[in-house]
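**Student:** Can you look at this prediction? I've put the sequence above it.
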Amino acid sequence: MTATPMDRRAMLKATGLAALGAGLSACATRRPASLVWPPPTRRFARVRVAEDRVIRTVVGLRPFRPSGFVVRVDGGGGITLSWGTSALAVDEAWKTGEKRFAVLGCGAVGLATARLLQQRGAEVTIYAKDLPPQTTSNIAGGQWAPTSVMERDRRTAESDALLARASRLSHRAYQQLPASEFGIRWLENYVLSDEPLEEWWEQTLVRDLYPEWRELEPRDHPFPARYARRFTTMLIEPPIYLNAMLRDVRLAGGRVVVRELQSREQVRELPEPVVVNCTGLGAKALFGDEELEPVKGQLTFLLPQPEVDYMVITEGLYMFPRRDGILLGGTFQHGIWSLDVDEEARRRIMSGHRALFEGMR
């Protein structure tokens, strides 16, 4: 890991990656009539999917690097990996011997980087075009799961080790936060399919971070699927979490400057001797990071249902029960820059979830 000086400054990059969503395809199907099992003993509240319950549909562009996040010096990884990759970057930043830092960006990675620097006694100023709730991180679903981080065929032993380390650091950091204050809670997650389930390769690196992992028989769950897997993981609600993080940065003496930096020259003019870049997809234009590409994610929210206390991921669909609404996804469209709502995708998401939950026993 090396940092390249820029006019006697250390330039630290923290380009973010999307870690949200399973990136699955197709829609859920109903359970064949031949599969008849008694209902499970655990009570599952049914999500009520209807057009008149829709409260909003949002679109975000997640930064994605096919070769994975880099540490040269670097952070990234969206909400899931933010504490881990930021910790790796801060370790490198601290080697400069400086005590004043500029952090570019105020999403999950920028805020985690700022807090970690402050915890070491640093003076931090965040420069950002957008603050919560207008950041890309606010569009994240919030399930803790380091998936869709890189292209599988670009994996190396080094990238696997780096991903595992960042995952463990981040997983532990979230557990050290006051859960309710930061919008964090543990929920059962059900992965469903009509075909035998493969394990996500990212999960194989840190299987122990998914407690209560079980392969389920149809009699063990109410969903219309032949195959099901259950594990427990954290759901981090971005509206609550990001506001709490920004508050803590300010309470610790951090400065927040709303400003869009449009060139490297403007970055060089900042008064802080060390700059940590957490601009996510913005690094493509600002620093010429040509490998970065957008991934369009679209979410539809239904009215809240506090009684729903589980998550579901199935073929091309996922549901997370948040306090600000029932989140329905999803899309994972590489190379799409448009922030317009895709109506065809919205209809697919709605109809797929309607079939899923109407098919519950």
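**Tutor:** Nice, I can see it. Note that the coordinates shown come from a computational prediction; the quantities given were computed from them, not determined experimentally.
**Student:** Mind jotting down where the strands sit in the stretch 201-350 of the chain?
**Tutor:** 214-216, 227-236, 255-258, 274-277, 293-302, 310-314, 317-322, 325-329, 333-334 (DSSP state E, counting those that start in this stretch).
**Student:** could you dump the ones you listed to TSV with mean pLDDT and mean neighbour count?
**Tutor:** The C-beta positions use only the backbone N, C-alpha and C, and glycine is treated the same way. Shown next, in TSV, are the strands of the stretch 201-350 of the chain (pLDDT from 0 to 100; neighbours: other CB atoms under 10 Å):
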stretch	mean pLDDT	mean neighbour count
strand 214-216	95	14
strand 227-236	97	19
strand 255-258	98	13
strand 274-277	94	26
strand 293-302	92	22
strand 310-314	98	23
strand 317-322	98	23
strand 325-329	98	23
strand 333-334	86	14
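**Student:** who wins for proximity to Ser167 among these?
**Tutor:** Ser167 lies closest, by CB to CB, to one member of the strands of the stretch 201-350 of the chain: strand 227-236, at 11.5 Å.
**Student:** Show residues contacting that closest one.
**Tutor:** 79, 142-145, 171, 174, 182-197, 209-216, 218, 220-221, 311, 320-322 (CB atoms under 8 Å, 6 or more residues apart in numbering).
**Student:** ok, which stretches of the stretch 1-150 of the chain are strands?
**Tutor:** Under DSSP E, counting those that start in this stretch, the stretch 1-150 of the chain gives strands at 10-13, 54-64, 100-104, 123-128.
**Student:** out of these, which comes closest to Leu246?
**Tutor:** Once the strands of the stretch 1-150 of the chain are compared by CB to CB, strand 123-128 is nearest, at 8.6 Å.
**Student:** mind exporting the closest one as CSV, just the C-alpha atoms?
**Tutor:** What follows is strand 123-128, C-alpha atoms only, in CSV (Å, rounded to 0.1, in the frame of the first residue of the first chain):
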residue,chain,number,x,y,z
GLU,A,123,-8.8,17.4,13.7
VAL,A,124,-11.3,16.7,10.9
THR,A,125,-13.1,18.8,8.3
ILE,A,126,-15.6,17.1,6.0
TYR,A,127,-16.1,18.7,2.5
ALA,A,128,-19.2,17.4,0.7
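**Student:** That strand - contacts with which helices or strands?
**Tutor:** With contacts defined as 3 or more CB pairs under 8 Å, 6 or more residues apart in numbering; DSSP states H and E, strand 123-128 has these neighbours: strand 100-104, helix 108-119, strand 255-258.
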